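Asks: sequence plus the predicted model coming up.
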Amino acid sequence: MSVNLCIDWGNTSVKAAIFDSETLQKQFTFSPADALEKITAIISQHTPVKAIICSVVRKNDELENLVHSHIKHVITLDSNTRLPIHNGYLSGDTLGPDRIALVVAAHMQHPDKNNLVISTGTCVTYNFVQKNKMFRGGAISPGLNMRLQAMHTFTGKLPEVSMDGELILLGYDTATCMRSGAAYGIAFEIDGMVSEYERTQTDFNAILTGGDAPFFASKIKSKIFADPDLLLKGLNLILNHNVSSPR
């Protein structure tokens, strides 16, 4: 038995989870500004013996120093970390470690399938891992808020619009048209990607995850399994793969 701490430092939020060996016990979400204080409290309450750090932003020395000072076994996920799958991605220096964790979890949960993991967050990433354990890559496109911000930033008149307002397919003013284009554009893109993979791959499986997954789950027509905790599960699998549980 081992208490594990998994930390996912994203572009807009930080997530942490406590696992009891392989079982997710608790998870937390907070802003980057509060992260060090919150993680200190989590460590104090749960006293993990192993930890893994996954960050898609710059190297965070404060976070690493904090975790190393309290936890005996710590790894930082990068392109050199030992994995239970093979990494066929050619530009490892620009590969987000979150994408590695996603495909590890997908393969370990569905080892007899060719898995496409679709993560909807700041960007939408499509991550394909074959049943022979090979991560092949996929695609990256702008996420929901990025699309709205880009339309405002790179035009002269389009306003700054959030997703908090009315969302309908047939927009009747500029704000609803922008929401429709951003939201349904991603939904139709996902359906198109899944359809093409289904056409070209046997034993195919698709998984939807990421912060915006609940938003898109009802808007996608494709047969797709949703797992909002997939990344955290992948981090825990990689941690256990690298560090044996204390006896």
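Replies: The structure has been received and is ready for your questions.
Asks: on contacts alone, who are the packing partners of the lengthiest helix in the chain?
Replies: In the chain, taking DSSP state H as the definition, the longest helix is helix 174-200. With contacts defined as 3 or more Cβ pairs under 8 Å, 6 or more residues apart in numbering; DSSP states H and E, helix 174-200 has these neighbours: strand 114-120, strand 123-129, strand 134-142, helix 144-153, strand 204-209, helix 213-217. For every residue, glycine as well, the C-beta is placed using N, CA and C.
Asks: most tightly surrounded among the ones you listed?
Replies: Neighbour counts (mean count of other Cβ atoms under 10 Å) averaged over each of the helices and strands packed on helix 174-200 peak at strand 114-120, with a mean of 26.
Asks: starting at the chain centroid, how far to that strand?
Replies: Put simply, strand 114-120 sits 10 Å off its chain's centre (Cα atoms, centre = their mean, to the nearest Å).
Asks: the domain parsing of this protein - what is it?
Replies: Taking automatic domain parsing as the criterion, the chain consists of the domains 3-80, 86-233.
Asks: pLDDT weak spots in the chain?
Replies: The chain contains residues with pLDDT under 70 at 1, 245-247.
Asks: quick one: secondary structure of residue 57?
Replies: Taken by DSSP: H, G, I helix; E, B strand; the rest coil, the conformation at residue 57 corresponds to coil.
Asks: quick check: the gap between it and residue 10.
Replies: Plainly put, residue 57 is 8 Å away from residue 10 if you go by Cβ to Cβ, to the nearest Å.
Asks: tell me which of these two has more neighbours.
Replies: residue 10 (20 against 11; other Cβ atoms under 10 Å).
Asks: surely the more buried one touches residue 122?
Replies: Yes: between residue 10 and residue 122 a contact is recorded at 7.2 Å, counting by Cβ atoms under 8 Å.
Asks: before we move on, the earlier item: adding distance to residue 244, write the helices and strands packed on helix 174-200 out as CSV.
Replies: Below are the helices and strands packed on helix 174-200 laid out as CSV (distance: least, Cβ to Cβ, whole Å):
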stretch, distance to residue 244
strand 114-120, 27
strand 123-129, 25
strand 134-142, 24
helix 144-153, 40
strand 204-209, 28
helix 213-217, 32
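Asks: so which of these is nearest residue 6?
Replies: Residue 6 lies closest to strand 204-209 among those, at 14.6 Å (Cβ to Cβ).
Asks: on that earlier part again, now the domains of the chain as a markdown table including distance to residue 241?
Replies: Rendered in a markdown table, the data for the domains of the chain read as follows (distance: least, Cβ to Cβ, whole Å):
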| stretch | distance to residue 241 |
| --- | --- |
| domain 3-80 | 10 |
| domain 86-233 | 8 |
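Asks: residue 242 is nearest to which of the ones you listed?
Replies: That would be domain 3-80 among the domains of the chain, by Cβ to Cβ, at 5.5 Å.
Asks: now do the contacts for the nearest residue to residue 170 once chain neighbours are set aside.
Replies: Counting by Cβ to Cβ, 6 or more residues apart in numbering, the nearest residue to residue 170 once its immediate chain neighbours are dropped is residue 180, at 7.3 Å. Neighbouring residues of residue 180 by Cβ atoms under 8 Å, 6 or more residues apart in numbering: 167-171.
Asks: any chance of the residues you listed in TSV, with distance to residue 88 too?
Replies: As requested, the contacts of residue 180 are arranged in TSV below (distance: Cβ to Cβ, whole Å):
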residue	distance to residue 88
167	38
168	42
169	38
170	43
171	41
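Asks: now, those that are in strands?
Replies: Among the contacts of residue 180, no member falls in strands (criterion: DSSP state E).
Asks: mind picking the two most distant members of the residues you listed?
Replies: Maximum distance among the contacts of residue 180 (Cβ to Cβ): 11.0 Å, for 167 and 170.
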